[in-house]
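>>> model this:
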Amino acid sequence: MKFYSVVAKSYNELYKEEQIRKLNLIKNEVEVISPLLDIGCGTGISTNFLTKDSIGIDNNKEMLKMAPKNCVYANAESLPFKDGSFNTIISLTAFQNIKNMGKALREVIRVSSNGNIVITFLKRSRRLEIFRGLMNKYFKFKEIEEEKDIVFVVKKIK
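Residues are numbered from 1 along each chain as shown. From the prediction side, this is the model:
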């Protein structure tokens, strides 16, 4: 999205506090087991917060310029990792921006070793009900309402 290219340099100042709040909620809900994949990592705020053994992916080169070295250019619909590569997968407020959310969720399932997955989704997104339907198709999960997002904590892959 062009928006993220424009705000890349000020993203951390604008959103870091909000991201940290979500990360603390995640830390209280799941046991983070390394290695961790952060999908839609942006500037990398969340990538190393829960563990240092992590990798972030994003498809916005301007955002990645602000990110640590363990954040790389990649697309959520075609993850460049082997099956079962990650013990924890997170995605903070990114999935509503993914064109093919179903394909991206199938990729999450493919690279997950154990179903330890947490995805936050913007409440005001027009695509929330579509995403919720996809989550119901692929996972058993619980929802937690956060200030701006719904937090989907996967309990089991179907």
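
>>> where do the helices sit along this structure?
2-7, 11-29, 61-64, 101-111, 128-138 (DSSP state H).

>>> Which of those helices has the lowest mean pLDDT?
Lowest mean pLDDT within the helices of the chain: helix 2-7, a mean of 58.

>>> related to what we said a few turns ago, looking at the helices of the chain, which is closest to residue 85?
helix 101-111 (5.0 Å; C-beta to C-beta). For every residue, glycine as well, the C-beta is placed using N, CA and C.

>>> pull the longest strand from this protein.
strand 149-157 (DSSP state E).

>>> what helices or strands is that one leaning on?
Judged by 3 or more C-beta pairs under 8 Å, 6 or more residues apart in numbering; DSSP states H and E, strand 149-157 is in contact with helix 11-29, strand 117-122, helix 128-138, strand 139-145.

>>> what is the residue nearest the centre of the chain paired to in the beta sheet?
Nearest to the mean C-alpha position of the chain, by C-alpha atoms, centre = their mean, lies residue 91 at 0.8 Å. Beta-bridge pairing for residue 91 (DSSP bridges): residue 119.

>>> That one contacts residue 119, correct?
Yes. Counting by C-beta atoms under 8 Å, residue 119 is a contact partner of residue 91 at 4.6 Å.

>>> Quickly list what's touching both of the two.
residue 108 (C-beta atoms under 8 Å, 6 or more residues apart in numbering).

>>> and residue 107, what is it in contact with?
76, 77, 78, 79.

>>> Pull out the buried residues from those.
The neighbour count (16 or more other C-beta atoms under 10 Å) marks 76, 77, 79 as buried among the contacts of residue 107.
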